[in-house]
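Peer 1: A predicted structure for the sequence below; I have some questions about it.
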Amino acid sequence: MYFRRRKISRTINTIMNNFTFDDLVKQEIIDLSRKGLYDEDLEVIIKFLRDKDAAVQKLDLSGNNITLAHGKFTDALANNNTLEELWLHGNAIGREGAKCLAAALANNNNLKELYLSRNNIGDEGTKYLARALTVNHTLQRIYLDRNNISDEGAKSIATALLLNRGIRYMHLQYNMIGDQGAEELVGALEHNNRITTLKL
């Protein structure tokens, strides 16, 4: 296991050594998907998310081992004013990571698309995100498919959609949402005419 972690650290160092920090800050699209990254490998990413001169608009971290549970990345995201797309599908975010991410979304006013498919967020994690959506009106597209969300989580989303003024597209396919949860969501749509697509 120790050898594996050292190998991963060399991987992220190799990636980052291809850029000076000034070069990285100027990139509008950064793709670090499927690199075997863990939270501790994101220090450089966190640094440029905090940089006021950063130009990044799309950051792809999908298919890694990221949890977000330490809060450092999400703290940087909360105050970032350039990032518009964040791809995190296929990581290990879970409930605690969703809690930290929700705190960031409650403060961020620039992110427009969030991809969270296949992160085992569950109902508790979904509740945190739903609360954030009651105050975040910038996010337009959110992907929550394959996250073990049941009727309980669907109800919290439905409640959030009664107040949210930003979401246009929500993806909830391949969860465990039954008739009761679906009815709650449909009921919310009757009061929210801004949503154009809700996939169940």
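Peer 2: Perfect, I can see it now. Everything numeric here is computed off the predicted structure, so don't read it as measured data. Numbering: from 1, shown residues only.
Peer 1: residue ranges with poor pLDDT in this protein?
Peer 2: 1-21 (pLDDT under 70).
Peer 1: try 90 this time
Peer 2: Along the chain, the parts satisfying pLDDT under 90 run over 1-27, 43-44, 48, 51-55.
Peer 1: now do the strands in it.
Peer 2: Using DSSP state E, the strands assigned to the chain run over residues 29-31, 58-60, 85-87, 113-115, 141-143, 169-171, 197-199.
Peer 1: could the ones you listed go into CSV alongside mean neighbour count and distance to E124?
Peer 2: All C-beta spots, glycine's among them, are computed from the backbone N, C-alpha and C. Formatted as CSV, those follow (neighbours: other CB atoms under 10 Å; distance: least, CB to CB, whole Å):
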stretch, mean neighbour count, distance to E124
strand 29-31, 15, 30
strand 58-60, 19, 26
strand 85-87, 20, 21
strand 113-115, 19, 18
strand 141-143, 20, 17
strand 169-171, 19, 19
strand 197-199, 14, 22
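Peer 1: quick one: which of the ones you listed is nearest L189?
Peer 2: strand 197-199 (6.5 Å; CB to CB).
Peer 1: what strands line up against that closest one, and which way round?
Peer 2: Applying DSSP bridges, strand 197-199 is found paired with strand 169-171 (parallel).
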